[in-house]
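# Kindly return the folded structure for what I paste below:
(chains A, B, C and D)
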Number of protein chains: 2
Amino acid sequence: MVRARISDVAVAAGVSVTTVSLVLNDVESRISEETRNRVREAAATVGYAPSAVARGLRQQRMRTVGIISDQIATTPYAGRMLAGAQDVARDNGKLVILVDTGGMADIEQDAIRALASQQVDATIYAAMWHRVVEVPDGLPADTVFLDCRPRTPGFRSVVPDDRAGGVAATRELIAAGHRRIAFIDTELSPQRPIAADLRHAGYVEALSDAGIVPDAALHVHGEITAGGGRAATERLLDLPVEVRPTGLFCFNDRMAAGAYIAVHRRGLRIPQDISIIGYDDQQLVAAEQDPPLTTVALPHYAMGRWAMEVALGVRATAFSGALPRPGTREPEHGGDTSASGEEDANHQMECPVIRRDSVGPPPAQVAKPNRRRTSQHTERPPSAAPDR
Amino acid sequence: MVRARISDVAVAAGVSVTTVSLVLNDVESRISEETRNRVREAAATVGYAPSAVARGLRQQRMRTVGIISDQIATTPYAGRMLAGAQDVARDNGKLVILVDTGGMADIEQDAIRALASQQVDATIYAAMWHRVVEVPDGLPADTVFLDCRPRTPGFRSVVPDDRAGGVAATRELIAAGHRRIAFIDTELSPQRPIAADLRHAGYVEALSDAGIVPDAALHVHGEITAGGGRAATERLLDLPVEVRPTGLFCFNDRMAAGAYIAVHRRGLRIPQDISIIGYDDQQLVAAEQDPPLTTVALPHYAMGRWAMEVALGVRATAFSGALPRPGTREPEHGGDTSASGEEDANHQMECPVIRRDSVGPPPAQVAKPNRRRTSQHTERPPSAAPDR
DNA sequence: CTGAAAGCGCTAACAA
DNA sequence: TTGTTAGCGCTTTCAG
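This is a model prediction of the structure:
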């Protein structure tokens, strides 16, 4: 069976192709209702499916968007990012062409050429974990970066606000009453994720805000695995009891899972003896720890949506006006309907705390009694010097 | 800057568009080497990028393949399937258009229409976990089903061989010396995954082959979560010691993680006191258990490859000849180069056992001494009562 | 060895 | 209210 063309419908309906085109695309209502029905029936009976290719060639707009990603496979939460982008694309009548480059530069170049060839309406460059990326040659100027920040400025991008997340995680522990809070960090290798620095900065900021001076002994490092988290935690638990942390902020859930193992091996309980907070809210690991892990969620779905909304021009950003994006408006969708107004072109998305059961108050016997507790009322730590 | 067309290249090179087309597509070498170079230079200087859309319209072949999937986001290992498909597509010069339907029938219909409209060369219908699916109306007859089996026959499909995987898992335990082996199954709900029945069938088969009669008390059920696995395991551990299982085959790694918790809570050790084997080889959970979990891997990457190879016709199957797939051969790739020959159209892919540290020999004291053990020397535990 | 020209299926300017 | 027709950019047949 061969594809029916628009002319077949025209013949079947006894009208011209123009009429068919007008009717099927709901352009103006200058065609009589009767003709419209006749055309629609004819289209149905001949089994007409319009060719997006021919339409695309004529209109120079394919209604597709390309997503170039390194490593779709390696990270389990990458899917949520794609889902967010996908959903927005669908709501705007676009199809997604996905290319996984495996991080290889030559494949990346092929992908860029192929997408240009396909005349995609927009391009998203996605990384599967928050990092700084080199902008590949030939990438369209209006490309939106998802979960990564381009080294070259002038592009729109969205990344998680890892610093604020680090603040939130640390505050969660502080609010529960902890003062000795450790940060279980990744190693200081050159490929260290920038999220590590940001989360650590947030940790320091939150401590300082609470008048707690960060203790270098409580900043430990390990591989980004459960094993790494476990080893680092063991070192922390070896500390003398009066300096040993009562709260652990782990770089991610994977390391937190290792911390659980170390803590349980010592016969300590979570959160009665020690509180733990993770990061990532990784599905199938955070919620299924014993007890369920309190953590900070990475807003993958929301970031995917943001990137696609910006790429399609349904959400304005600081660069939107400056960028050459002609003919992208969808007449039938009424243009910019997002009331969100203009946002920063480099967006940082909030990482919400997911409260489960691994954070509680610190054990009573560890809370060092405050020596000069004369008329001390509010949270004023003895260690905080009034001035320097 | 406006796209350069082929005519721009022709003008720049001082030749006709025909020549440019011939040169750039490496068609016959009837063009002189000198002209070829001139054309290539001209193309480079004007920054020519051919339009896949115009080419597609002319050739009626877009070199794209559509993948329709329910739920790309929900399962963490789905990515590997897409990666497999993606890699094969790339090696064959195809681009992947991915549509996530979220399992909604109306969106699915839109997706099918949209892909037909895009004139994709092939279509893959993927589920994110092994199940039987209804074939949606309008799906092309040559669609390949990935990780699911269509209810209507006549389509090509690939799924994991869960029965053989169940056999392999159970044999792993039997080979280590276990005789009392439990199967921690999912619940018997109507939406029960077919993998559960298959793995259980494999379990029964392996036991029978080893001359062990399956004990109904050792077939327990729970939710497909760590909590479900934990509860089921606790029931098993409550059994009198002489009937209590020494080996646990869990429906999946998630439930196995729950089994770990239950076992550790009882103060038992893995694998010294009890051996555990999972299923799925779920990244970031199986390998990071303490001890690392022995499990059966789901061959997602290989299934993704298989589906794409079959969809593109680079791998033959039983239905290949019968199906109407005209004009799909790639002249430049020399057609069918896969030496694998004709395969069954409904392929079952092997699930390999991943050996880690959660399976060992059963504890000696539990091994009921064989009554007629006349000349037995090794491993005779003193605590074992000669008879009951 | 190279070029002219038809046409893939559709939209949209212009005519009627 | 409807129809004619010129392309969109490319490949490919057929002539030179």
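
# on contacts alone, who are the packing partners of the lengthiest helix in chain A?
If you go by DSSP state H, chain A has its longest helix at helix A:194-209. The contact analysis (3 or more Cβ pairs under 8 Å, 6 or more residues apart in numbering or on different chains; DSSP states H and E) places helix A:194-209 against strand A:122-133, helix A:162-175, strand A:181-186. In short, each C-beta sits where N, CA and C put it, glycine included.

# Export the last one to CSV, keeping only CA atoms.
Spelled out, that is strand A:181-186. Provided in CSV are the C-alpha atoms of strand A:181-186 (Å, rounded to 0.1, in the frame of the first residue of the first chain):
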residue,chain,number,x,y,z
ILE,A,181,28.7,18.1,61.1
ALA,A,182,31.0,16.3,58.7
PHE,A,183,31.1,16.7,55.0
ILE,A,184,31.9,13.5,53.2
ASP,A,185,33.3,14.8,49.9
THR,A,186,34.7,13.3,46.7
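
# quick one: contacts of it?
By Cβ atoms under 8 Å, 6 or more residues apart in numbering or on different chains, the surrounding residues in contact with strand A:181-186 are A:170, A:173-174, A:192-193, A:196, A:199-200, A:203, A:207, A:212, A:218-224, A:228-229, A:232-233, A:236, A:245-251, A:255-256, A:259.

# What of stretch A:47-55?
In contact with stretch A:47-55 (Cβ under 8 Å, 6+ apart) are residues A:3-6, A:8-9, A:24, A:42, A:62-63, B:53, B:56-57, B:62, B:113-114, B:116-119.

# hmm, 6 Å instead?
Residues outside stretch A:47-55 that contact it (Cβ atoms under 6 Å, 6 or more residues apart in numbering or on different chains) are A:A4, A:V9, B:V53, B:G56, B:L57, B:A116, B:S117, B:Q118, B:Q119.

# Count the neighbours of the third one for me.
The one in question is B:V53. 23 (other Cβ atoms under 10 Å in any protein chain shown).

# Point out the residues in the stretch 101-250 of chain A that sit beside chain B.
For the stretch 101-250 of chain A, the residues in contact with chain B (Cβ under 6 Å from any Cβ of the partner chain) are A:A114, A:A116, A:S117, A:Q118, A:Q119, A:A226.

# at 8 Å what do you get?
Residues of the stretch 101-250 of chain A found near chain B (Cβ under 8 Å from any Cβ of the partner chain) are A:107, A:110, A:113-119, A:225-227, A:230.

# Show me which residues of the stretch 51-200 of chain A are close to DNA strand D?
A:A54, A:L57, A:R58, A:Q60 (Cβ under 7 Å from any atom of the strand).

# Kindly recompute the last result at 10 Å.
Residues of the stretch 51-200 of chain A found near DNA strand D (Cβ under 10 Å from any atom of the strand) are A:V53, A:A54, A:R55, A:G56, A:L57, A:R58, A:Q59, A:Q60, A:S117, A:Q119.

# TSV for these, including secondary structure and pLDDT?
As requested, those are exported to TSV (DSSP: H, G, I helix; E, B strand; the rest coil; pLDDT from 0 to 100):
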residue	secondary structure	pLDDT
A:V53	helix	97
A:A54	helix	97
A:R55	helix	96
A:G56	helix	97
A:L57	helix	96
A:R58	helix	96
A:Q59	helix	95
A:Q60	coil	95
A:S117	helix	96
A:Q119	coil	97
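
# Now a ChimeraX select for only the buried ones of those residues.
Here is the ChimeraX command that selects the buried residues among these (16 or more other Cβ atoms under 10 Å in any protein chain shown):
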select /A:53,54,55,56,57,117,119
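
# re earlier: same question for the longest helix of chain A, mean pLDDT?
Averaged across helix A:194-209, pLDDT comes to 98.

# Let me know how buried the closest residue to A:Q119 other than its chain neighbours is, in neighbour terms.
Nearest non-adjacent residue to A:Q119, counting by Cβ to Cβ, 6 or more residues apart in numbering or on different chains: A:M62, 5.0 Å away. Each residue near A:M62 was counted by other Cβ under 10 Å, and the total is 22.
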